[in-house]
Each structure stands twice: as C-alpha cells, then as structure tokens.
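[1] Mind folding the following:
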Amino acid sequence: MSVPRWTTAALAAAGIAAVVAAPYVLPSFAVYLLTLTFIAALLAGSVNLLAGLAGLVSIGHAGIAAAGAYGVGWAAAHDLGIAAQLAVAAALTLAVSVVYALTTMRTAGIVFLMITLALGMTVFGLALKLSSVTGGQNGLTGIGRPQAVDAWWQFYFFTAAVFGLCLLALGVVSRSPFGLVLRGIRESPSRMTSLGYSVTTAKFVAVVVSGAFAGCAGVLLVWNSEFMSPSVASFPRSALAVVTVILGGTGTLLGPLVGAGIVVAGEYWLSSYVERWQTVLGAVFILVVLFAPRGVVGTTAAWARRSRKEGS
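    I've put the predicted structure just below:
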C-alpha cells in the first residue's frame with residue numbers, strides 16, 4: 001500500500017514552507033547550520049546514489065567534491081568570472097570522476113571501497129603537494145560568492161534550491177531504467193550480464209553521474225566558506241558522508257538529508273555542550289545500526305507500512 005498522493009503533497013508543501021520561513025524565524029547561525037546541512041546532504045546523496053542503487057560504497061567521494069571546489073577556488077584566485085569558475089569546476093569534476101570510474105568499474109564490495117579510499121587520499125595528497133596551484137596547507141583565499149547570492153540569507157535560499165533540484169534529479173535517476181539496471185547489478189551482476197547488459201559500462205556511468213552531484217556539493221561548500229583548503233578532500237569528510245548515508249537510510253531519497261542534519265547538529269551544536277561530541281555521535285551511529293539498520297528514514301517508512309497493513 002503506497003502513501004496517498006495528497007499526503008505526499010502535503011508533506012512536501014510543509015517542508016518547502018519550513019525552508020522558506022527559516023531565515024525569518026531562526027537566528028543567522030541556525031540558518032548557517034541549515035546551509036551546511038544541505039551541502040552535506042548533497043555530498044551524501046552522491047554517495048547514496050552508488051550505495052543505494054548499485055551496492056557500491058565509496059569512501060573517497062570527498063576527493064571528487066574537492067575537485068569541483070578547487071576548480072572554483074583556482075578560477076576565483078585568478079580573477080575569472082562566475083561562468084569561468086563553474087566551467088573549470090565542471091571540467092575538473094568530470095576528469096576526476098572519470099578517473100574514479102575507470103579504476104573502479106570492474107570492482108565491487110571491499111575492493112571498490114578500498115580503491116575509492118586510495119583515490120581520495122591521492123587527491124588529498126595532491127592538494128597538499130601542488131601548493132603553487134592549490135595553496136597547499138595555506139589554502140586559497142579571495143573566493144567570493146556570486147553577487148546575486150552574496151548575503152547569508154540569499155546563499156541559504158540558493159543552496160536550498162540547488163539541493164532541491166538535485167534531489168529531484170536523484171529521484172529521477174533512481175526511478176529510471178538506468179536505476180533499475182543498477183539495482184539488478186547490485187542483486188546479481190552475472191544475471192544482468194546474461195541479459196545483455198554491460199555491468200562495467202553501467203558502473204562507469206554511475207560513478208560519473210554520482211561524481212557530478214559530489215562536484216556540485218564541492219562548489220557550494222567553497223562558496224559557503226569563501227575559502228578552500230585540503231581538508232575538503234580529507235578522509236574524515238568522506239567517512240562522514242558514508243556515516244550520514246547509513247544514519248539517514250541507505251537507498252532512501254531523504255535519508256541523506258536526515259543523516260546530514262544529525263551529523264551537522266552533532267558537529268556544531270553538540271560540540272558546544274560536550275567536549276567529545278564524536279563519541280556521542282559514534283554512540284548514536286551504533287544505536288542506529290543495531291536497532292534501525294535501515295536508517296532513520298528507512299526504518300520509519302517500514303514502520304509506517306506495517307502500521308497501515310495492520311490497520312487495514
């Protein structure tokens with residue numbers, strides 16, 4: 001039994017209304033955290049695209065996000081316009097995504113995970129070593145947002161709109177024939193091969209498409225901070241993206257957003273009250289894995305379906 005359309009429409013309208021009202025009813029710092037939540041959710045969504053559909057867990061996606069971010073940062077440091085910044089970011093994101101795809105398209109499971117980890121660490125190392133381009137540990141400064149979204153509240157609305165469009169795109173990919181192919185590969189690669197599908201080609205395309213969303217998250221991240229450093233490509237950022245997906249619910253459309261809210265709240269809000277907030281977040285993660293293995297959204301959806309069946 002599916003959720004009635006009017007219920008889905010009402011929930012969507014309520015969510016949009018809450019997003020629009022946030023800058024008018026919340027303090028600026030809370031809105032800043034919401035902006036970070038949307039960005040983190042977009043990066044987690046790119047990871048979820050692979051993990052939820054194809055069963056491929058990437059623990060190096062921050063490297064792709066860093067490529068897009070460094071593209072904007074480098075172009076801005078050379079006084080190039082917004083169009084040129086986005087063009088450089090898109091080119092770097094595509095190039096790095098293709099490298100990821102070529103090196104992982106014939107792998108699966110733990111091998112896929114370890115290769116993406118190595119690739120992410122490689123990007124991090126290059127960001128440190130190529131200081132003439134990346135600024136090294138000092139990073140890149142002088143990065144400005146587009147004038148149309150320069151104010152904090154304008155950038156919040158811009159980030160929310162970009163995330164909403166990407167969320168719709170992720171939903172379309174998930175429900176498309178290509179998404180069904182990825183699900184088939186997740187369940188039985190050999191059977192999909194026998195049906196005439198190219199498993200390696202599908203994985204290649206999936207990684208590149210996923211990389212596009214990660215690069216978009218990187219662009220938003222560097223515009224948000226107006227500063228770029230190698231930490232964007234670090235392992236902890238990639239690991240947090242995976243944790244975000246698991247907390248929210250792997251394979252669910254809204255799971256990355258819910259998981260990002262938990263992670264951002266833990267990092268920025270809980271840390272002001274608890275010195276070792278990572279320990280508390282780790283305990284929450286363990287509890288979710290033990291008692292809600294489908295994540296918050298997945299478990300809630302399963303509970304709602306069971307309740308409807310019992311009530312009918």
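[2] pretty sure Trp153 is touching Ala30, no?
    No - assessed by CB atoms under 8 Å, Trp153 is found out of contact with Ala30, at 11.8 Å. Bear in mind the C-beta positions are built from the backbone N, C-alpha and C, glycine included.
[3] Against which helices or strands is the least confident helix or strand in the chain by mean pLDDT packed?
    For the chain, the helix or strand with the lowest mean confidence is helix 295-311, at a mean of 80 (criterion: mean pLDDT, DSSP states H and E). Counting contacts by 3 or more CB pairs under 8 Å, 6 or more residues apart in numbering; DSSP states H and E, helix 295-311 packs against helix 235-248, helix 255-264.
[4] residue ranges of the helices in the stretch 1-150 of the chain, please?
    5-25, 28-48, 62-77, 82-104, 109-129, 131-134 (DSSP state H, counting those that start in this stretch).
[5] Going by mean pLDDT, which of those helices comes out lowest?
    Among the helices of the stretch 1-150 of the chain, helix 5-25 has the lowest mean pLDDT, at a mean of 85.
[6] In that helix, which residues are buried?
    The neighbour-count criterion (16 or more other CB atoms under 10 Å) identifies Val19, Ala22, Pro23 as the buried residues of helix 5-25.
[7] Pick the most buried one from the helices of the stretch 1-150 of the chain.
    helix 62-77 (a mean of 29; mean count of other CB atoms under 10 Å).
[8] CA atoms only for that one, dumped as PDB, please.
    The C-alpha trace of helix 62-77 is given here as PDB (Å, rounded to 0.1, in the frame of the first residue of the first chain):
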ATOM      1  CA  ALA A  62      35.300  14.000  -0.900                       C
ATOM      2  CA  GLY A  63      38.100  13.900  -3.400                       C
ATOM      3  CA  ILE A  64      35.600  14.500  -6.200                       C
ATOM      4  CA  ALA A  65      33.900  17.200  -4.200                       C
ATOM      5  CA  ALA A  66      37.300  18.800  -3.700                       C
ATOM      6  CA  ALA A  67      38.000  18.800  -7.400                       C
ATOM      7  CA  GLY A  68      34.900  21.000  -8.000                       C
ATOM      8  CA  ALA A  69      35.800  23.200  -5.100                       C
ATOM      9  CA  TYR A  70      39.400  23.700  -6.200                       C
ATOM     10  CA  GLY A  71      38.100  24.500  -9.700                       C
ATOM     11  CA  VAL A  72      36.100  27.400  -8.300                       C
ATOM     12  CA  GLY A  73      38.800  28.400  -5.900                       C
ATOM     13  CA  TRP A  74      41.600  28.500  -8.500                       C
ATOM     14  CA  ALA A  75      39.500  30.300 -11.100                       C
ATOM     15  CA  ALA A  76      38.400  32.900  -8.400                       C
ATOM     16  CA  ALA A  77      42.100  33.400  -7.300                       C
END
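[9] rewinding a little: please state the offset of the least confident helix or strand of the chain from the chain centre?
    25 Å (CA atoms, centre = their mean, to the nearest Å).
[10] now stretch 103-122
    18 Å.
[11] now stretch 235-244
    Counting by CA atoms, centre = their mean, stretch 235-244 comes out at 10 Å from the chain centroid.
[12] Over to stretch 66-80?
    20 Å.
[13] can you list contacts of it?
    84-93, 95-97, 123-124, 127, 133-135, 139-144, 214-219, 221-223, 228, 230, 232-233 (CB atoms under 8 Å, 6 or more residues apart in numbering).
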